[in-house]
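**Q** Return atomic coordinates for the entry below.
(chains A and B)
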Protein chains: 2
Amino acid sequence: MKVEYINPFIKATVNTFKGFLGAELKAGKPYLFDKGNNDIRYDISGIIGLAGDVRGSVVISFPKLVALKVVSDFLSQEIKIFGDDVIDTIGELINIITGNAKKDLENYRIMISLPSIIKGPNHQINWMQGVPVITIPFESKYGPVYLFLSMKA
Amino acid sequence: MKVEYINPFIKATVNTFKGFLGAELKAGKPYLFDKGNNDIRYDISGIIGLAGDVRGSVVISFPKLVALKVVSDFLSQEIKIFGDDVIDTIGELINIITGNAKKDLENYRIMISLPSIIKGPNHQINWMQGVPVITIPFESKYGPVYLFLSMKA
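**A** Okay, here's the model as predicted:
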């Protein structure tokens, strides 16, 4: 996967958290996803498909408690129930992030799908063999946030 | 969601199971997905995003034991481990189904993403408010199989 694909997504994620939540996200070093050696835990994920010149998907994943804090700040009210508010907000976040990253990739004709949101204690998102996937770990005041980027030109 | 969007996916799912597995899938009546009233259980899902004239996603979901039987038939060897073979095969199945349905929707410019595969005991796929989603339940000799179709023109 080309580095020029990755940076727009890091930038869009950081800017979205800054702009909508006033929160600093600190991006860790991106690394190749290895499903055989993956100890990241998360309970909710937002996923968007990419089609066109580049095909793939963008996933943002959160542990439950992190998601509840992020969504509470996003909605400016304390959200304690892991329900519809969380689903809609995580969908909105991956939508904004992917839409903004796309603007920085204007040399490519990339089209994006609608978001789907996956809930499940410690679920795992995977990709087929041969698809390059990058994990980008972020630290925040809420706790860890993960971005997964799969792309094939 | 227009009915003309739904039938190609039903047909493609039935034909894929027939063609690759020699298995009859019996489609139940499609119904509107209602996340507040959803008692379907599944442990692995393949998801593909749709972009272009129609945006949305296509998801195929299986209980674990059903997936193991389907993948065993697909690979012509008994698969007992819920691992990489299952992930790749479920990804392949949703890829074939979506690709074939797209051929029947040639009046629309629809582009498809790469598949992602979600594993997790009893995870749930959701969509944001306002996105119409259809559940299509199928019966098979393996057990139940579910297709979820979200689309917005």
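**Q** How much space separates the spatially most central residue of chain A from chain B?
**A** Centroid-nearest residue in chain A, with C-alpha atoms, centre = their mean: A:Ile60, separated by 2.1 Å. Distance of A:Ile60 to chain B, computed by C-beta to the nearest C-beta, to the nearest Å: 13 Å. To be clear about C-beta, it is placed using only N, CA and C from the backbone, and glycine gets the same treatment.
**Q** next one: A:Trp127
**A** Per C-beta to the nearest C-beta, A:Trp127 is found 6 Å from chain B.
**Q** residues contacting that residue?
**A** Neighbouring residues of A:Trp127 by C-beta atoms under 8 Å, 6 or more residues apart in numbering or on different chains: A:33, A:35, A:57, A:133, A:150, B:91, B:114-117.
**Q** just those: which has the poorest pLDDT?
**A** Lowest in pLDDT among the contacts of A:Trp127 is A:Lys35, which has 80.
**Q** Report pLDDT for the residue lying closest to that residue once chain neighbours are set aside.
**A** Of all residues not flanking A:Lys35 in the chain, A:Asn126 sits nearest, at 5.4 Å (C-beta to C-beta, 6 or more residues apart in numbering or on different chains). If you check A:Asn126, the pLDDT there is 97.
**Q** Any idea what A:Asn126 is bridged to?
**A** Assessed by DSSP bridges, A:Asn126 has beta-bridge partners B:Ile117.
**Q** is it true that it touches B:Pro115?
**A** No: here A:Asn126 does not reach B:Pro115: they are 9.6 Å apart, not a contact under C-beta atoms under 8 Å.
**Q** The two: which is more packed in?
**A** Neighbour count, other C-beta atoms under 10 Å in any protein chain shown: between A:Asn126 and B:Pro115, B:Pro115 has more, with 31 against 26.
**Q** Tell me who's in contact with A:Ser116.
**A** When contacts are counted by C-beta under 8 Å, 6+ apart, A:Ser116 is found next to A:46-48, A:91, B:47, B:49, B:57, B:59, B:125-127, B:150.
**Q** Which members of the contacts of A:Trp127 occur in strands, if any?
**A** Secondary structure assignment (DSSP state E) places A:57, A:133, A:150, B:116-117 from those within strands.
**Q** May I ask which of the residues you listed has the most neighbours?
**A** Counting neighbours by other C-beta under 10 Å, B:Ser116 comes out on top of the ones in strands among the contacts of A:Trp127 with 32 neighbours.
**Q** Next, find the distance separating that residue from A:Asn107.
**A** B:Ser116 is 25 Å from A:Asn107, where distance means C-beta to C-beta, to the nearest Å.
**Q** next one: A:Pro137
**A** To A:Asn107, A:Pro137 is 27 Å away according to C-beta to C-beta.
**Q** Comparing these two, which residue is more hemmed in?
**A** Taking other C-beta under 10 Å, A:Pro137 and A:Asn107 do not tie; A:Pro137 has more neighbours (15 against 8).
**Q** who's in contact with that one?
**A** Contacts of A:Pro137 (C-beta under 8 Å, 6+ apart): A:27-28, A:40, A:144-146.
**Q** And A:Ile125, by the same measure?
**A** Contacts for A:Ile125 (C-beta under 8 Å, 6+ apart) come out as A:45, A:47, A:59, A:61, A:118, A:148, B:116-118.
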